[in-house]
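S.K.: Using only what follows, build the 3D model:
(chains A and B)
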Amino acid sequence: MSFKIASSPHNHNQKSTSQLMLLVAAACIPGILIQAVFFGYGVLVQLVLAVITAWFTEALILILREKRILPRLKDNSALVTAVLLAVSIPPYAPWWIIVLGTAFAIIIVKQLYGGLGNNPFNPAMAAYIMLLVSFPVQMTQWLPALPQQAAELTPADAACAVFTGYSCSGYSMTQLQSTPDGITMATPLDTLRMDLSAGLTASESLQKPIFNNISGHGWFWVNLAYLLGGLLLLQQKVISWRIPLAITGTLFILSLLSWLSSPDTNGSPLFHLFAGATMLGAFFIATDPVSASTTDKGRIYYGILIGILVYSIRKYGGYPDAFAFAVVLANMTVPLIDYYTKPRAYGHTSRRRKQ
Amino acid sequence: METLFQKIQSGALWDFHGGIHPPTRKSQTSQKPIAVMPVPERLYIPLRQHTGVAGQLLVQEGQRVLKGQALTASDNAMTVPVHAATSGTVIAITEHTSAHPSSLPEPAIILEPDGLDEWRPREPMSLTTADNHAILERIQDSGIAGLGGAGFPTHLKIGKYQEIKYLIINAAECEPYITADDLLMQEEATTIVKGIDILCKLLNPQIVLIGLENDKPVASAAMKAACSQRQNYHIREVPVKYPSGGQKQLIKLLTGQEVPSGRRSTDIGIVMLNIGTVFAIAQAVLDDHPLISRVVTVTGDTLSQPQNVLALIGTPVSTLLSYCGFQPERRQRVIMGGPMMGFTLPDLSVPVVKITNCILAPTHKELPAAREETDCIRCSACADACPATLLPQQLLWYSKAQDTDKLKEYNLFDCIECGACAYVCPSEIPLVQYYRVAKADIREQQRDALKAEQTKARFDARNQRLEQEKQERLRRNQELAAARQKAQQDTGASNAVADALARIKARQQQTEPAGDQNREHIIAEREKQKQQARAYQQRKTVTGQQTAEAGTPATQSETAVPAENAQQAAIAAAIARAKAKKAQTKSAPTEDIAAETPAAAVTTANETTTDDPRKAAIAAAIARAKAKQAQQSTEAKEAPPAATVTTTNEAATDDPRKAAIAAAVARAKARKQTNSESS
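M.R.: As a prediction, the model looks like this:
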């Protein structure tokens, strides 16, 4: 009789990497649904395109790298990258945007650095930055939320718009972006920033129809949905509370301070927490374990850094939202943060004194 | 403000970083009494079952031994003996698969029990009369080594070298499945307390803490009842969390202190012993019952009767398993130890040894085999679980890169290999295995570095010694030469060679400084000759044939003489130099040169092939060789073979040249031997 030889430990808890990744993707579902309700079914089309591209490019590179394909495709990391990029871009952006972006994320940002676990940057966010810098027009084609949309869009319309630039009933993207009054809409964050620079007060700007009383129509609910998904991840212990709390906390404190000092020229803390990609970024993007800090203290610093960067870029920068830049900039600091936040090992007096 | 000691006394508990909660699965065995197994057909008793060196064998094959008889001696401090677990015959002393993760064979005594179970004479001790030294000796002679798993000789741990404040009895038993200590406490609490009494006598601690996880209510109650008469014995129930039974972790849990990295717990006044060890001490001291049996948890879903068994040391695992109704699956895993830190067995003839606390034979469903390792996603679940607060994800990275410096910087050697990191890893990376390999590599590197250092030191010392010897020889030779010269001068005996040398030297001194004058003289001479020749021609033409014939020889002889003289002188000088050289070689023994470059010695011998001096040189060489050999044979008992001497002698009579070579070879050999012996 032959006996199996194995190295200890011989038992294992059953949560695997692929399950963790799947949970992350699943926790996005409420957000995706709310996004589809408020901004049209385009997000679903983008999602399908992104996932197919991700799997295809991942397999392609694994073949080139002479690695086994199935075990790595099954880890679902490509799926998560695809989902995060698909929900980040405007839902009616042309198809080649998402295909190009996903291919860039998988091939260049992830696989060329050595595959899962070796990429210094968050693949979805690096790809988002590439797209935003290269194709600013397509990447800012956000539609107004449902109540202000000029035309009712069916799923078929969404597919047509993504592939041809026109809805099946023949509306162009410009027409789709307009409200029934014929005004082209920017995102709430963009609107507020432009209004403030145009001399309006924050309260005047917030009177505009794009805003509900907190942030923007639709955007508030999307953020709430991602917050829900994020809390689910926390409850499932997929992510640690440190990064999301540090980001939202920092953002809250900074916006509160500036809002209290000058309410006319600043968005409220609630506005900042529930506008743009705040909740998606804090719970889903910044918590990507590969590119984030891995020590407990480091994660706090990492989160604070992202919070500061997000707030600074929103307030002083030239881009509508800041999460992609903030996350990728913070990714760069991770090796340094990790090095200086090593925990004190058992039986050691201080981590510095050894040197 | 309470002091730390008061806090500890009042029952405060601390927590350690990390830890995990694997399913404990202890109820399968914790409710049943300890079964006493019949004596197996064969016992395989490894000679070394502790951390340290094996003792000298005391028995021979075929010898009958009694139960409790020592089979090996406790001949030094790091040694504890092994004992016959029952009476019987030693049928073989041979290599047997070891109870070690490597499964490498190691020497073991194979004992065939005779079924009589006949004890050797026993001398129980009384705690009131025995002195500490005798108790310690008894503990060592009873073969007691940490039963918790480390196998460290217990007498070393409890021989009091430092002030001990806390005595901690480790009964946490945090590994899943294992209930051996639990059952021992349930059934033998009073004996265990007697064991603690012995330890208190030896160590005199201020407080005794008995730490166990709070999933052992029966054992806890039994221990509390047994300790009720002792004021400073405290039962501490700690929350279930693996690895609370790790020495460092339990110290932190019960005292809030940490053992400094690289130090021992005694450095902070703490001695910790496993509860099984305490029981063994009580048995050894009070009953003179050496460590010949222990409680082993035999469990897993492939067994129809999982239970705790009192097994004799040396019982093969196969016997133990079949006693508990083993129905193996295909590719069955049999683990010695718990699921977290145990190791799989390659075959079931491996015996139960002193540190074996569990035999686990799980089904595949129960403990699924590890899946394929995937990429680390740096989720840091391992760092959250690490009870030593290390960063396993970084250690993995550096152990794959074999970056020794970084591994040390990230405190690889503080890893206790508990397996918590690998347990939680979602990518199923066998992290502990990586660390074990990295640790072994680093240890090997350190050994190699040490070896290289030692070799270098030896090499330097050798060079120094050779140089010193050379200088000494040179000095001795000079002294000898000076003495000989003096002797010659004293006796006045003039050596022909020395005289010739002196003459040549004198002549050279004469001619050399007058080099230029000499040349002028020669030129002048030539001029004179030319003039003479011219004069002669003139004369020839003037006088006639006859006068010319008479005059020529006279002039020729006149001019040729100086030239002939110079040539002869040069030849004489050359010969004299050669002779002088020879003389020098003869008088000043050349053994150092000859020994170091035998070939050179041979060629010199070839060159100096004039009869008498050659023979003299050979004679000298032989004499030297003999002298050296004599010297060496007194120095080293294994003297160079006598054959060499005879060969040299024979060769000497045959052919002088061969003799010289032989002598040189002999010298070289002799030297090599002394070198190898001295190194």
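S.K.: After the single longest helix found in chain A, which helix or strand is next?
M.R.: The helix that spans the most residues within chain A, counting by DSSP state H, is helix A:42-64. Downstream of helix A:42-64, the first helix or strand assigned by DSSP states H and E is helix A:69-73.
S.K.: If you count neighbours, what's buried in that following helix?
M.R.: Of all the residues in helix A:69-73, those buried under the rule 16 or more other Cβ atoms under 10 Å in any protein chain shown are A:72, A:73. From N, CA and C alone the C-beta is placed, and that goes for glycine too.
S.K.: quick check, that helix touching chain B?
M.R.: Yes: among the residues of helix A:69-73, A:71, A:72 lie within reach of chain B under Cβ under 8 Å from any Cβ of the partner chain.
S.K.: Write out the residues of the stretch 251-355 of chain A neighbouring chain B.
M.R.: Contact residues (Cβ under 8 Å from any Cβ) of the stretch 251-355 of chain A with chain B: A:289-290, A:292, A:294-296, A:338, A:342-349, A:354.
S.K.: about what we covered before: pLDDT on the longest helix of chain A, on average?
M.R.: Helix A:42-64 shows a mean pLDDT of 94.
S.K.: Give me the neighbour count for whichever residue of the stretch 1-150 of chain A sits closest to chain B.
M.R.: Closest approach of the stretch 1-150 of chain A to chain B (Cβ to the nearest Cβ) occurs at residue A:9, with a separation of 3.3 Å. Other residues lying near residue A:9 total 31 when counted by other Cβ atoms under 10 Å in any protein chain shown.
S.K.: list the buried ones in the worst-scoring helix or strand of chain A on mean pLDDT?
M.R.: One helix or strand of chain A scores below all others by mean pLDDT, DSSP states H and E: helix A:173-177, with a mean of 70. By neighbour count on 16+ other Cβ under 10 Å, the buried set for helix A:173-177 is A:173, A:176, A:177.
S.K.: I'd like to know which of those is nearest to residue B:452.
M.R.: Proximity to residue B:452 was ranked across those by Cβ to Cβ; first place goes to residue A:173, at 73.3 Å.
S.K.: thought that closest one was touching residue A:142?
M.R.: No: Residue A:173 is beyond contact range of residue A:142, at 10.8 Å (criterion: Cβ atoms under 8 Å).
S.K.: Next, residue B:263: phi, psi?
M.R.: phi -110, psi 180 (degrees, to the nearest 10).
S.K.: which residues touch it?
M.R.: The neighbours of residue B:263, taking Cβ atoms under 8 Å, 6 or more residues apart in numbering or on different chains as the test, are residue A:347.
S.K.: Any idea how many residues pack against the closest residue to chain A within chain B?
M.R.: Scanning chain B for proximity to chain A using Cβ to the nearest Cβ identifies residue B:419 as nearest, at 3.3 Å. Residue B:419 has 29 neighbouring residues, counting by other Cβ under 10 Å.
S.K.: likewise residue B:322?
M.R.: Other residues close to residue B:322 by other Cβ under 10 Å number 13.
S.K.: Assign a three-state SS to it, would you?
M.R.: When the structure is reduced to helix, strand and coil (DSSP: H, G, I helix; E, B strand; the rest coil), residue B:322 reads as helix.
S.K.: now it: how far from residue B:433?
M.R.: 31 Å (Cβ to Cβ, to the nearest Å).
S.K.: just residue A:82 next, same as before
M.R.: Distance, residue A:82 to residue B:433, by Cβ to Cβ: 34 Å.
S.K.: what about these two, which has more around it?
M.R.: Higher neighbour count among residue A:82 and residue B:433: residue A:82, with 30 against 18, using other Cβ under 10 Å.
S.K.: quick one on the thing from earlier: just the residues of the stretch 251-355 of chain A next to chain B: which are in helices?
M.R.: Filtering those for helices - DSSP H - leaves A:296, A:338.
S.K.: In ChimeraX, select just the buried ones from the residues of the stretch 251-355 of chain A next to chain B.
M.R.: One line in ChimeraX is enough to select the buried ones among these; burial here means 16+ other Cβ under 10 Å:
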select /A:289,290,292,294,295,296,338,342,343,345,346,347,348
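S.K.: Widest-spaced pair of the residues of the stretch 251-355 of chain A next to chain B?
M.R.: Pairwise distances among those were taken by Cβ to Cβ; the largest, 32.3 Å, belongs to A:290 and A:349.
S.K.: Might you report the residue contacts of residue B:235?
M.R.: Residues touching residue B:235, when contacts are defined by Cβ under 8 Å, 6+ apart, comprise B:210, B:212, B:220, B:223, B:224, B:227.
S.K.: Is it located within a helix, as I assumed?
M.R.: No: secondary structure assignment places residue B:235 outside any helix; it is strand (three-state DSSP).
S.K.: Which entries within the contacts of residue B:235 meet the buried criterion?
M.R.: Judged by 16+ other Cβ under 10 Å, buried ones among the contacts of residue B:235: B:210, B:212, B:220, B:223, B:227.
S.K.: May I have the beta-bridge partners of the second one?
M.R.: The reference is to residue B:212. Per DSSP bridges, the residues bridged to residue B:212 are residue B:237.
S.K.: Got the confidence number for it?
M.R.: On the pLDDT scale, residue B:212 is placed at 93.
S.K.: How about the one 10 residues further on?
M.R.: In the prediction, the pLDDT value recorded for residue B:222 is 95.
S.K.: which SSE is it in?
M.R.: Taking DSSP H and E as the definition, residue B:222 sits inside helix B:217-226.
S.K.: got the residues of the stretch 1-150 of chain A near chain B?
M.R.: Remark: the part of the stretch 1-150 of chain A in contact with chain B comprises A:1-13, A:15-17, A:19-20, A:71-72, A:75, A:77, A:115-118, using Cβ under 8 Å from any Cβ.
S.K.: Among those, the buried ones, what's the PyMOL command?
M.R.: Restricted to the buried members of the residues of the stretch 1-150 of chain A next to chain B, where burial is judged by 16+ other Cβ under 10 Å, the PyMOL selection command reads as follows:
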select buried, chain A and resi 3+4+6+7+8+9+10+11+12+15+16+17+19+20+72+75+77+115+116+117
